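Engineer: what follows is a predicted protein model with its sequence.
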Amino acid sequence: MSREFGAKVQTTKLASSFGLCTKPNLTCFHSLFKFYCETKYPKQTLLLFRELLESNAKPNELTFALLLKATASAVNLKSVKAIVEANQIRTHLIKSSIGQFIHVSTALLDLYAKLGCLKIACQVFDDMRERDVVYWNALISGFSRNGYDLDALELFVQMCRKGFGPCRITLVSLVPSCARHGLISQGKSIHGFGVKTGLDLDSQVKIVLTSMYAKCADLEAAEGLFEQMVDKSVVSWNTMVAAYGQNAKPVTLVYLLSTNDNPDSIHCFSVKTGLSHAEKGNILSVMQYFAQMQQFDMKPDHVAMVSILQGITDPAHFHIGLAFHCYSFKSGLSIDILVANGLISMYSKFDDIEVAFSIFSEMHEKTLISWNSLMSGCVHSERSSDAFELFCELKMSGHCPDSISMASLLSGCCQLGYLQFGEKLHSYVLRNNLEIDDYVGTALIDMVFKSMKEQCLATWNSMISGYSLCGLEHKALSCYYEMREQGLVPDKITFVGVLAACT
């Protein structure tokens, strides 16, 4: 906790003890709320709000707006505890009728969107009769951020039909939803709308449009937008270099240096180019770019380090991973949550689970990704019992398991033959409306299949058909070959399943 924070708390306590604050002072509370927004102390924010209520001070619309903003700035939002706290704040708003203030309702909607509670966010949106552009933008951004691309586009159309004029924030929030081949035509329409209204002249709008075209493999359009930018920022260079990487178009460090561009741009290029090699598993090229960066006195950031660690998949390159671990420790990057998660995943890949546990235990803050990485590593290292213990600790920590957590645990049940526990996990998935994606579906099929003592032809047919329906053609074909190795003769149902996998 910082000295500034301690001083503010001590000032508040001293004022109360000496009776200097004879009347509840909302201004003092508001000042502390603003401080929490800047320093991201969500727990202290809620404790302070309770203290405010106990002091019989009456919170106003500014109090709740600051409270919601401070809560939304928390690092770990997607947990059961965070959702419960958001619901408690909403209850206070309903009781006090302060929720009818549009800026307060916007902050509440934004909080639920960041929590991933889109249904509740839509309820908040529907309950508000008077809306402005900022209010519409909050829900569009929420849909886009959570992957509800079509809902974001549909809401944008509704907004225009209601007579609200979109602003640059609207396009910045919406365009990322069109960054896939199936929605490129809608993205071009939004680009056209931006040109017509002049919103495309904004640098942020140009950047998101450039990123959209790059992700949709229209590099020519991305280059055209990039060349139109008068002031090219670090973000715009990042976007364009990423575009070249995504479309396998090389660009050299020497070329960028010859343009006499600013050092920040060169740094971005070096990092991004190194990352593209890491993502492709070309670790030797990563080492070359890392050496070049050292020559130019450039230091990779946490994003670069995570990408490098993810690219180390070959056991022959494990010593390189150890070297980067040492570098991240010396440079202070190892305390970053993303880097720590990357290190856990790397050590788990190579069955060095004890080191992964050591890194996990030293983390000051553990996100759901941290727990999932270690649970997955335990299962990968055939230490599924440890994964189940971690799951219990995960629940006690207040985090809400997701489909990735369930997939790891179901694979663990498959290893240990815990069919009954696997059935309970399946019930948990259904009860909590968790998405049954390919990983969870595969784990469920494997668990049930391997729990059978003898697999007959009908069982193998069910497995092949099941994998085919889930779009897991490689799994389906592997089952077919494994079935043939066991001496079973395929029938017409087998071939229907195999052919379905091939289509």
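Structural biologist: In hand now; what should we look at? Numbers count the residues shown, from 1 in each chain.
Engineer: now this protein, which segments are flagged as low pLDDT?
Structural biologist: Where the chain drops to pLDDT under 70, the residues are 1-24, 39-43, 74-79, 181, 233-234, 237-300, 433-439, 441-442, 445-454, 470.
Engineer: mind listing the strands for it?
Structural biologist: Counting by DSSP state E, the chain has no strands at all.
Engineer: output stretch 372-392 as CSV, restricted to C-alpha atoms.
Structural biologist: The C-alpha trace of stretch 372-392 is given here as CSV (Å, rounded to 0.1, in the frame of the first residue of the first chain):
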residue,chain,number,x,y,z
ASN,A,372,-6.2,-22.7,-15.1
SER,A,373,-2.6,-22.8,-16.2
LEU,A,374,-1.4,-24.7,-13.2
MET,A,375,-4.4,-27.1,-13.2
SER,A,376,-3.8,-27.9,-16.8
GLY,A,377,-0.1,-28.4,-16.1
CYS,A,378,-0.9,-30.8,-13.3
VAL,A,379,-3.2,-32.9,-15.6
HIS,A,380,-0.5,-32.8,-18.4
SER,A,381,2.1,-34.0,-15.9
GLU,A,382,-0.3,-36.8,-14.8
ARG,A,383,-0.8,-35.3,-11.3
SER,A,384,-4.5,-34.9,-11.6
SER,A,385,-5.1,-35.3,-7.8
ASP,A,386,-3.1,-32.0,-7.4
ALA,A,387,-5.4,-30.4,-10.0
PHE,A,388,-8.5,-31.3,-7.9
GLU,A,389,-6.9,-29.8,-4.8
LEU,A,390,-6.2,-26.6,-6.7
PHE,A,391,-9.8,-26.6,-7.9
CYS,A,392,-11.0,-26.6,-4.2
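Engineer: mind checking how far it is from the chain centre?
Structural biologist: 21 Å (C-alpha atoms, centre = their mean, to the nearest Å).
Engineer: who's in contact with Val195?
Structural biologist: By C-beta atoms under 8 Å, 6 or more residues apart in numbering, no residues touch Val195. (Each C-beta comes from the backbone N, C-alpha and C, glycine too.)
Engineer: thought Gly116 was touching Asn146?
Structural biologist: Yes. Applying C-beta atoms under 8 Å as the test, Gly116 and Asn146 come out as touching, 5.7 Å apart.
Engineer: next, the nearest residue to Lys81 once chain neighbours are set aside: phi, psi?
Structural biologist: Distances taken as C-beta to C-beta, 6 or more residues apart in numbering put Gly398 closest to Lys81, at 4.1 Å, once the chain neighbours are dropped. Main-chain dihedrals, Gly398, degrees, to the nearest 10: phi 100, psi 0.
Engineer: what of Asp352?
Structural biologist: According to degrees, to the nearest 10, Asp352 has phi -100, psi 70.
Engineer: tell me how many other residues crowd it.
Structural biologist: By the criterion of other C-beta atoms under 10 Å, Asp352 has 17 neighbours.
Engineer: buried ones in stretch 123-134, by neighbour count?
Structural biologist: Val124, Phe125, Met128, Arg131 (16 or more other C-beta atoms under 10 Å).
Engineer: distance to Phe33 for those residues - can I get that in JSON lines?
Structural biologist: Listed next are the buried residues of stretch 123-134 as JSON lines, based on distance: C-beta to C-beta, whole Å:
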{"residue": "Val124", "distance to Phe33": "21"}
{"residue": "Phe125", "distance to Phe33": "25"}
{"residue": "Met128", "distance to Phe33": "23"}
{"residue": "Arg131", "distance to Phe33": "25"}
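Engineer: name the member of these with the shortest distance to Asn461.
Structural biologist: Distances from Asn461 to those, taken as C-beta to C-beta, are shortest for Phe125 (47.8 Å).
Engineer: the closest one against Tyr135, yeah?
Structural biologist: Yes. At 7.4 Å, Phe125 counts as touching Tyr135 under the criterion of C-beta under 8 Å.
Engineer: all helices for the stretch 251-400 of the chain, in order.
Structural biologist: For the stretch 251-400 of the chain, the helices defined by DSSP state H, counting those that start in this stretch occupy 253-258, 263-279, 283-295, 302-311, 318-331, 337-349, 353-362, 368-380, 384-396.
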